[in-house]
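**Q** sequence and computational prediction follow.
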Amino acid sequence: MDSTEAGNSTTAIVTGGSRGIGAEIVRRLARAGHHVLLVYGHDDEGAEQTAARCSTAHGRVVAFRCDITDDEAPGRIFDAAADLSAPSILVNNAGTTGTISPLHDATDETIRSVVDVNLIATIRLCREAMRRWQDAEIGPARSIVNVSSIAAKTGSAGEYVWYAAAKAGVNALTTGLALEAAPHGIRVNAVNPGTTSTGIHARAGRPNRAAEVGAKSPMGRPAEPDEIAAAVKWLVSAEASYVNGTILDVAGGTR
C-alpha cells in the first residue's frame, strides 16, 4: 500500500471498470489503498466478480451500474463515490469503438454512440469533478486521468476514424483542462494506450485484431491491460505530483 493508511482511504472513480484495462486499473488502485467505485454499464456478474477479486483490506471496491451517457450520471456517480469516502481520483476509462469499417459504412447511431461514450461523457464527468473539487477545502491531492488511445494520433483509417476523432477530442480536453485545474490543486493527464489485448476488438467484429496489429508494432506484440493500468496508477500517485497536462503514450513505440 503506497498512498493511504487503513481507515483513511480516499476514493477513486473508474468508469468501464468491470473488464480489460479498467479492471486492472481498479485492481492497482485498490492495492494502493484506495476505495474504488467501479462504474459499469451492463455486465452485472462480471462487475461483481471484478469487485470481489480486486477488493483488499484497505481498498474496498464497489460495483455501480450506470449509463455514463445519462444526463444525471455524473452527479449519481460522484454521490455514490462519496458514500465510500471523499473521491479524489477520476479515471475516465469507459470506451467503445463501434463496428470496424471505413467511414462511409458507419451509421449515425454508431458515430453518436462512440462520441457520446468516449468524449461527451468524459467531458461531463470532468465538469462534475471540477464543480465539486475546485472550491473544496484542502484535502487529498486530486487527479483526473483520461484513458484515450494512440488512435488519436494514427487516425485508425479504414477501421474507426470516428473513434480516433473522439479520442483526439479527449486529448485536447486533457491539455486545456489541465491549465484550468492546476490553480485549484487538481492534476489532469491522459494515457494513450496502443493496441491492447482486451475484448474491445471482438466487440468491434475483429477478435484477432490485437494480435494482428500488435505483431506489426515496434515491439512485435500488443500491450497487456496491466501495462496500461500501471501508467494510470503512476499518474495518480504522489510520484507524479508535478506531472500535469501530459498525454502519455503507452504504445510500444507506435506513433
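**A** Yep, it's here.
**Q** excluding its backbone neighbours, what's nearest Ser156?
**A** Spatial nearest neighbour of Ser156, chain neighbours left out: Ala164 (4.3 Å); criterion: Cβ to Cβ, 6 or more residues apart in numbering. Where C-beta positions appear, they are placed from N, C-alpha and C, glycine not excepted.
**Q** so which residues of the stretch 1-150 of the chain form strands?
**A** 11-15, 35-40, 61-65, 87-92, 142-147 (DSSP state E, counting those that start in this stretch).
**Q** and the ones you listed as JSON lines, adding mean neighbour count and mean pLDDT?
**A** Shown next, in JSON lines, are the strands of the stretch 1-150 of the chain (neighbours: other Cβ atoms under 10 Å; pLDDT from 0 to 100):
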{"stretch": "strand 11-15", "mean neighbour count": "29", "mean pLDDT": "98"}
{"stretch": "strand 35-40", "mean neighbour count": "29", "mean pLDDT": "98"}
{"stretch": "strand 61-65", "mean neighbour count": "20", "mean pLDDT": "98"}
{"stretch": "strand 87-92", "mean neighbour count": "28", "mean pLDDT": "98"}
{"stretch": "strand 142-147", "mean neighbour count": "27", "mean pLDDT": "98"}
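**Q** re the thing from before, OK, contacts around the residue nearest to Ser156?
**A** Applying Cβ atoms under 8 Å, 6 or more residues apart in numbering, we find Ala164 in contact with 149, 151-152, 154-156.
**Q** can you select the buried ones from those in PyMOL?
**A** Filtering the contacts of Ala164 down to the buried ones (16 or more other Cβ atoms under 10 Å) takes a single PyMOL command:
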select buried, resi 149+151+152+154+156
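**Q** related to what we said a few turns ago, for the residue nearest to Ser156, helix, strand, or coil?
**A** helix (DSSP: H, G, I helix; E, B strand; the rest coil).
**Q** how about the one 10 residues further on?
**A** Under three-state DSSP, the three-state class of Thr174 is helix.
**Q** name the residues linked to the nearest residue in space to it that is not next to it in sequence by a beta bridge.
**A** Using Cβ to Cβ, 6+ apart and skipping residues adjacent in sequence, the residue nearest Thr174 is Ala190, 4.1 Å away. Beta-bridge pairing for Ala190 (DSSP bridges): Asn146, Ile247.
**Q** Ala190: neighbour count?
**A** 29 (other Cβ atoms under 10 Å).
**Q** contact partners for it?
**A** 145-148, 170-171, 174, 246-248.
**Q** 6 Å - rerun?
**A** 146, 148, 171, 174, 247 (Cβ atoms under 6 Å, 6 or more residues apart in numbering).
**Q** pull the most distant pair out of these.
**A** Greatest spatial distance among those (Cβ to Cβ): Asn146 and Ile247, at 8.7 Å.
**Q** how deep is the residue lying closest to Asn118 once chain neighbours are set aside tucked in, by neighbour count?
**A** Distances taken as Cβ to Cβ, 6+ apart place Ala166 nearest to Asn118, at 4.1 Å, with adjacent residues excluded. By other Cβ under 10 Å, the residues close to Ala166 number 26.
**Q** over to Gly41?
**A** 16.
**Q** please apply the same query to the one 4 residues further on.
**A** Number of residues near Glu45 (other Cβ under 10 Å) recorded here: 8.
**Q** contacting residues for it?
**A** Glu45 neighbours (Cβ under 6 Å, 6+ apart): none.
**Q** need the pLDDT of it.
**A** According to the prediction, Glu45 has pLDDT 97.
**Q** quick one: neighbours of Ala52, just the number.
**A** 10.
**Q** let me see the confidence value for the residue nearest to the spatial centre of the chain.
**A** Closest residue to the average C-alpha location of the chain: Asn93 at 1.9 Å, with Cα atoms, centre = their mean. On the pLDDT scale, Asn93 is placed at 98.
**Q** does the nearest residue to Ile25 once chain neighbours are set aside lie in a helix or a strand, and which?
**A** Among residues not flanking Ile25 along the chain, Ala229 sits closest, at 4.5 Å (Cβ to Cβ, 6+ apart). Assessed by DSSP states H and E, Ala229 sits inside helix 225-236.
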